[in-house]
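Sequence plus the predicted model coming up.
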Amino acid sequence: MTSSPVPPPEPSSPAAGRRPLRRLTARPPHESHRVASPLELFFDLCFVVAVAQAGVQLVHSVAEGHAGEGILYYAMVFFAIWWAWMNFTWFASAYDNDDVLYRIVTLVQIAGVLVLAAGVSSAFEDHDFLVIVIGYVIMRIAMSAQWLRAARHAGPAERAMTLRYAGGVLLCQIGWVGLLFVPDAGRAWLFLVMALLELCVPTLAERNHRSSWHPHHISERYGLFTIIVLGETIAAATVAVKSGIDENDALGELLPIAVGGLLIVFAAWWIYFVVPVHGHLRSSRQAFVWGYGHYLVFASAAAIGAGLEVAVEQTVGKAHISALAASAAVTLPTAMYLLTVWVLHARHFKVGIAQQAVLPTAALMVIGCTFLGDMAVLAAGIVLALAVATGVTLTARSGAAHRGPTAPAA
């Protein structure tokens, strides 16, 4: 495997004479002190606007008794958001030079996701994907331009990779535009085909040359987006509980949902960040599985917030669904989150059957909580809190056993 030459380090301060336009060349994959940039954080915050819009529409669909259709459109919209975010994240990990042109093209991508967010309600309510497709195409054309720019100063193997990325991204946009002309009955099937084609672009582009992504930087970027999505979940649930209390004077009925929801989100954060995962990302194959799997992590984390809103609306009589359906709106995405986090990275750091069984067992118990009526959310929150406590206890005991009897107590 070949790699492009590493450019000399640029001056770190404006006073040092940084040029506004610089070569877009690959950064060292093991660069020290590599952290997320302010532009990347701004990028994430703007993307979560679209995540919030998708969550709001999912709440409306489920609360009105159209859960199947709502979940389908949520999955489609969330894929567009997640895929554009993920592609930028991995590109930035390999090529971010933070010059003027790089910033401008990134801001164009941000504008694209805001356009996409503006079209979410039309997609759910009227099955009109025009605005969403326009926003997505804006983001993807900008991403293709970044790859073409990276190709200018790359070596032969790296240039072939970057050109395959740029060409693959542009070709996929033809199919996404075709989504506008397909009848509703065939739209989901065309979406599935196009999603699979998009997922194949990175694997085909990097078959002979790997982009120089930074493992620690990638794991930090995913962790930061997880935090932002969980924060949006807390914000949405808090607003829903507050509105329910203000409008219906239902503090007693909503308190179990509020406490249970808080425990769920706190535990979700704890479970995700209990171990640093960058050491697991040692190859492109591991990285692709891990990165692609986060579609379910992000989608389920955001869906937990939507489920809590549904539970609140059902409790105060606004939702036209049963208590069982409202409970499932919380417990099912929570169980999916637990299982996905376990599969992607938690299981790689667990020792013994007992530690490995904590999260899968908790997921099954959370699903069982669905049938507990008004106490379902609170029970699920308690299950997650107990899962965290059990995991901490088992890890501490394992560590004590490795230290031996003469080691001082922590």
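That came through fine.

pretty sure residue 261 contacts residue 308?
Yes: the pair residue 261 / residue 308 is scored as a contact, 4.5 Å apart, by C-beta atoms under 8 Å. No exception for glycine: its C-beta is placed from N, CA and C like everyone else's.

Now do the shared contacts for the two.
Shared contacts of residue 261 and residue 308 (C-beta atoms under 8 Å, 6 or more residues apart in numbering): 237, 330, 377.

Not counting residues beside it along the chain, what's closest to residue 292?
Using C-beta to C-beta, 6 or more residues apart in numbering and skipping residues adjacent in sequence, the residue nearest residue 292 is residue 199, 6.6 Å away.

typo on my end, residue 364
Closest residue to residue 364 apart from its sequence neighbours, by C-beta to C-beta, 6+ apart: residue 335 at 7.5 Å.

How about the secondary structure of the one you found?
Three-state call for residue 335 (DSSP: H, G, I helix; E, B strand; the rest coil): helix.

ok, which stretches of the protein are helices?
Along the chain, the segments classed as helices by DSSP state H run 38-63, 67-95, 100-118, 120-126, 130-151, 156-178, 184-205, 215-248, 251-272, 284-315, 323-344, 352-369, 376-403.

can I get these in a markdown table with mean pLDDT?
Output for the helices of the chain, formatted as a markdown table (pLDDT from 0 to 100):
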| stretch | mean pLDDT |
| --- | --- |
| helix 38-63 | 93 |
| helix 67-95 | 94 |
| helix 100-118 | 96 |
| helix 120-126 | 92 |
| helix 130-151 | 95 |
| helix 156-178 | 94 |
| helix 184-205 | 91 |
| helix 215-248 | 89 |
| helix 251-272 | 92 |
| helix 284-315 | 90 |
| helix 323-344 | 94 |
| helix 352-369 | 92 |
| helix 376-403 | 86 |
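
Need those in a markdown table (columns: mean neighbour count and distance to residue 27).
A markdown table is the format used below for these (neighbours: other C-beta atoms under 10 Å; distance: least, C-beta to C-beta, whole Å):
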| stretch | mean neighbour count | distance to residue 27 |
| --- | --- | --- |
| helix 38-63 | 21 | 13 |
| helix 67-95 | 21 | 6 |
| helix 100-118 | 19 | 12 |
| helix 120-126 | 18 | 34 |
| helix 130-151 | 21 | 11 |
| helix 156-178 | 18 | 12 |
| helix 184-205 | 15 | 18 |
| helix 215-248 | 19 | 9 |
| helix 251-272 | 20 | 26 |
| helix 284-315 | 23 | 16 |
| helix 323-344 | 24 | 25 |
| helix 352-369 | 18 | 35 |
| helix 376-403 | 18 | 35 |
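
so which of these comes closest to residue 31?
Nearest to residue 31, of all the helices of the chain, is helix 215-248, at 8.1 Å by C-beta to C-beta.

Would you mind getting the angle between the closest one and helix 251-272?
Here the directions of helix 215-248 and helix 251-272 differ by 180 degrees (axes from the mean of the first three to the mean of the last three C-alpha atoms, to 10 degrees).

So for the chain, the centremost residue is which one?
residue 298 (3.2 Å; C-alpha atoms, centre = their mean).

That one against residue 227, yeah?
No: counting by C-beta under 8 Å, residue 298 does not reach residue 227; the two are 11.2 Å apart.
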